[in-house]
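Peer 1: with the input below, show me the fold.
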Amino acid sequence: MTLHGTKALEAWCRRITDSYQGVSIVNMSTSWRNGLGFCAIIHHHCPELLDFSALDADDVFGNNQLAFEVAEQHLGIPSLLDPQDMVECELLDRLSILTYLSQYYQASIYVQQKNKTS
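Peer 2: Down below sits the predicted model:
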């Protein structure tokens with residue numbers, strides 16, 4: 001069965017982050033709050049950009065700040081989310097998370113193509 005749209009994006013996120021300790025993508029909102037999911041996606045495609053094993057699941061602000069800065073500076077993904085909002089909001093806006101993750105997906109395609117030609 002082929003998935004489309006948000007279901008395909010969610011399945012991609014689960015597949016990429018599945019082997020990362022402390023990351024459990026069960027939805028497209030609260031599963032992203034601690035920032036580990038974003039860091040796992042970055043690490044999966046560009047492990048040299050961050051040390052995933054050094055992250056602390058309880059450091060919501062720090063994990064998100066790291067992910068958003070690395071994504072913007074190294075992958076060209078504008079920071080659509082704010083680390084402080086991730087700390088303060090119990091229920092995150094699903095559409096904002098999906099929009100931001102779609103940019104991670106696009107960046108991953110670029111990284112894969114770049115690695116093939118290198």
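Peer 1: so which residue is dead centre in this structure?
Peer 2: Computing the C-alpha centroid of the chain and ranking residues by Cα atoms, centre = their mean puts residue 38 first, at 2.2 Å.
Peer 1: not counting sequence-adjacent ones, nearest residue to it?
Peer 2: What sits nearest to residue 38 in space, not counting adjacent residues and going by Cβ to Cβ, 6 or more residues apart in numbering, is residue 67, at 3.6 Å. (C-beta placed from N, C-alpha, C; glycine too.)
Peer 1: near the closest residue to residue 32 other than its chain neighbours, how many other residues are there?
Peer 2: Nearest residue to residue 32 in three dimensions, chain neighbours excluded: residue 97, at 5.4 Å (Cβ to Cβ, 6+ apart). Using other Cβ atoms under 10 Å, residue 97 has 24 other residues around it.
Peer 1: sorry, back to before: the residue nearest to residue 38 against residue 33, yeah?
Peer 2: No: Residue 67 is beyond contact range of residue 33, at 11.9 Å (criterion: Cβ atoms under 8 Å).
Peer 1: tell me the contacts of the nearest residue to residue 80 once chain neighbours are set aside?
Peer 2: Excluding its sequence neighbours, the residue lying closest to residue 80 (Cβ to Cβ, 6+ apart) is residue 100, at 4.7 Å. By Cβ atoms under 8 Å, 6 or more residues apart in numbering, the contact set of residue 100 is 77, 80-81.
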